[in-house]
Structures are given as structure tokens and as C-alpha cells.
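generate coordinates for the sequence data below:
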Amino acid sequence: MIDFEKLIVHPSGWLDGTGPEANMILSSRLRLARNIKGHAFVHHAKPEAVSETYQQIMNTAAECPSLKRVFTADVGEMAPLDRRLLVERHLISPDFERAQWKRGAVITEDEKIAIMINEEDHLRLQSIVSGFQMEEGWEALNKVDNELSARLHFAFSEKYGYLTACPTNVGTGMRVSVLIHLPALVLTKAIDETLKGITQIGLSVRGFYGEGTEVLGNLFQISNYATLGKTEHEVIETIRKVMLQLIGFESRACETLLKEAKTQIEDKIWRAYGILNNARLLTSNEFMSLSSALRLGISIGIINNIDLKSLNQLMILVQPAHIQKYLKHEMESSERDFFRANVVREHLIKTRKKASPRRKDD
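Modelled structure (predicted):
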């Protein structure tokens, strides 16, 4: 069972702010879609068959050495607020939260591995790590996949690869997603052209919570679209090359801003810092927008008394479900805005160094 009281105060491993390019890339996520041979896909199966698949996978997961220290949950039996909290922690998908059939989750204690049972496919295996560390994530995910495949007969075609509910996942069944912060490209109005180029080479651009969600705080999810005819390492290498290009574009855009509009950028950053430290009401979207400016300030060395790990953790803690679980009661949005502002102020005070904030050029 998931202890939500512990979960909300326990930082997710992918929020550490560590790993290569962590000042720009929040996380690297890898996902595998798998189905059990001889079982109908979830959307075409009868309820009793879906329940049978759920139980079989739960029992099998309990036998895997890599899944000994885990939380497990019957997601359908969870309170709506608890399901939403798992979405906010990027452990389950919004579609999985809303589904109506028998489904479950297996999540390691460090939250670096999460398994959705009976999402679109029978299994969605996920690895999520801090920074630009796709190879590390793949190593952990591949280990779990191997342990499960030794105990379950996955639907596989010699011609097509792993068989999945959605044709775009056929092949490796792999989806690689990188969550990257691109404020300078947004501010220089180069983001649309940049993202257009990414989609033209067959990659997808999604919002903060994945497919069908909006971009928040200038955070974009970049991922591969199709997997057929490619190996796992080829998919990873494609994403790696594109992300290195994006990092270069963002870095040059940032240099341009600091060269041509340094005072305006510093003003934007310090205004955001001031509002977050003093606001009495904050919506989720407002926090994400202001924290983007703060994240930029940390990245370029203007803000030096808050670290990325603290900001990343705060970003999740102030989401609607987390605020309500943290304060132990459900609230209307206006009440959440009040308590969110309180939590942000308290958190910034705790993480503040003894020295007062100073500008890079002081």
C-alpha cells in the first residue's frame, strides 16, 4: 500500500537537480509498453479478463528482485485526490487516473521505477531520473523488463517487435521523454520555430504532464513518436542528439538576452523572487511561471541562495493534490491559492542561506 503521508514529504529521486545539464533538463524518462501474449488488449477485454491480467502482473512483480522495495496500489480503489497526487509526481498518466477498469501501480521507494498495470497496454514500465541521464534510466528499466519477461510471455512478433495497443508503439515499445526548461527561447520568441523543427524530424512536443497537457513554467517534454524499425539504443541516440542541439539553442538565446537585455532579464528574475517571497495568493500556473524566472536566475548565477533541488521539490509540493494532502483536507481553489503562497514563503525561508540575496555582479 502507498503511505501518502510519507510520500508527500519524501522527495522524488528525479527532483534531485543532479546529473548532466540539470540546470536545464529536469528529468529523463523512459517508458516501455508491454502486453501479455494471448490476453486481449485492455480496451477490448472483458472486465473479468482485465482483473485476471491485473492479478497476474501484481503476483509476478512480487517475484522480481528489482521490485522488492516498492509501493503497490489498486488504483481504482484509491481516492480521486490520491490518484491525482500520483499524476503530479509523474508516476501515473492522466489517462490512467481517469480510467474506469481494474488497474494498479507498482512504484519503487525512490520513485525511479513505476509500473502502470492495465493502462493502454497491460504494462507500462517507466524509469525517471534527474538530469540528462537516459543511459542510466535505460539500464534500470531494462533490468526490470528482463525480470518480468523471464516470468511473463510478452506479445512479440519477429517481424514487428513488441505488439502494442497503439501502432506508434509497435517495435521496441519505447518512449523516451526529456523534460527541458527553455525560457530564453520563449523570451526571444524563437520557441515556435525551434519546436516546429523538432516535430518535422518525427519527435513530439508535449506539456508538463505529458500527452494532451499544457506547457507550464516553460517546461517542455520532448519525446520520440514511433519505434518501429529502431533499436532501443537508436531511439536514445536520436533523442540525445536533438537535446544537445536544443541545449545549444537555449544557451545561445540566453547569451543574447544577457547581452542585449540584461537589466530587463534581471528585473524579471528579481520581481519573480520578490513575488514568491511575499505573495499571499498564488495559483498553480502563476507559481510555475514565476518559478521559471527563478530557475533561470539560478541557472545563470543571479540567484545564489536557492538550489535546483529545493525549487524542484517545491514545484511538486505546491500542486493542487499535494497541497491538500500536505494540509490534510480538501480545499476550493481560492483556499489552495492562499495556502500555496504560505507554503512557498515558508519553503524559501528554510532554503535561504544566511547571506542575503545578491546579484552576480555585486
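
what distance do you get for the most centrally placed residue in the chain to residue 14?
Centroid-nearest residue in the chain, with CA atoms, centre = their mean: residue 90, separated by 4.5 Å. Residue 90 is 7 Å from residue 14, where distance means CB to CB, to the nearest Å. Quick note: C-beta positions are derived from backbone N, CA and C, even for glycine.

hey, what's in contact with both of the two?
27, 29, 128 (CB atoms under 8 Å, 6 or more residues apart in numbering).

just the ones of the residues you listed in strands?
With strands taken from DSSP state E, the overlap with the shared contacts of residue 90 and residue 14 comprises 27, 29, 128.

and the last one, what is it in contact with?
When the contact criterion is CB under 8 Å, 6+ apart, the partners of residue 128 are 13, 14, 27, 28, 29, 30, 90, 111, 112, 114, 137.

who's in contact with the first one?
If I follow you right, that is residue 13. So residue 13 contacts 110, 111, 112, 128, 129, 130 (CB under 8 Å, 6+ apart).

mind doing that once more with 6 Å?
110, 111, 112 (CB atoms under 6 Å, 6 or more residues apart in numbering).

measure the nearest residue to it once chain neighbours are set aside to residue 67 for me?
With CB to CB, 6 or more residues apart in numbering as the criterion, residue 13 has its nearest non-adjacent residue at 4.3 Å, and that residue is residue 110. Residue 110 is 12 Å from residue 67, where distance means CB to CB.

neighbour count: the two, which is higher?
More crowded of residue 110 and residue 67, by other CB atoms under 10 Å: residue 67, with 19 against 14.

my guess is the more buried one meets residue 58, correct?
No: Residue 67 is beyond contact range of residue 58, at 10.5 Å (criterion: CB atoms under 6 Å).

strands of the stretch 201-350 of the chain, residue ranges please.
203-206, 219-224 (DSSP state E, counting those that start in this stretch).

in terms of mean pLDDT, which of these ranks lowest?
With a mean of 91, strand 203-206 has the lowest mean pLDDT of the strands of the stretch 201-350 of the chain.

strands paired with it, and their directions?
Strands that pair with strand 203-206, judged by DSSP bridges, come out as strand 219-224 (antiparallel).

ranges for the helices of the stretch 1-150 of the chain?
For the stretch 1-150 of the chain, helices defined by DSSP state H, counting those that start in this stretch occupy the ranges 4-9, 47-61, 80-88, 94-98, 134-149.

so which of the ones you listed gets nearest residue 310?
helix 4-9 (13.8 Å; CB to CB).

buried ones in that closest one?
Neighbour counts over helix 4-9 (16 or more other CB atoms under 10 Å) mark 4, 7, 8 as buried.

what's the closest of those residues to residue 103?
Using CB to CB, these come closest to residue 103 at residue 4, 17.9 Å.

and the closest residue to residue 205 other than its chain neighbours, how far is that from residue 264?
Of all residues not flanking residue 205 in the chain, residue 195 sits nearest, at 5.0 Å (CB to CB, 6+ apart). Counting by CB to CB, the gap between residue 195 and residue 264 amounts to 24 Å.
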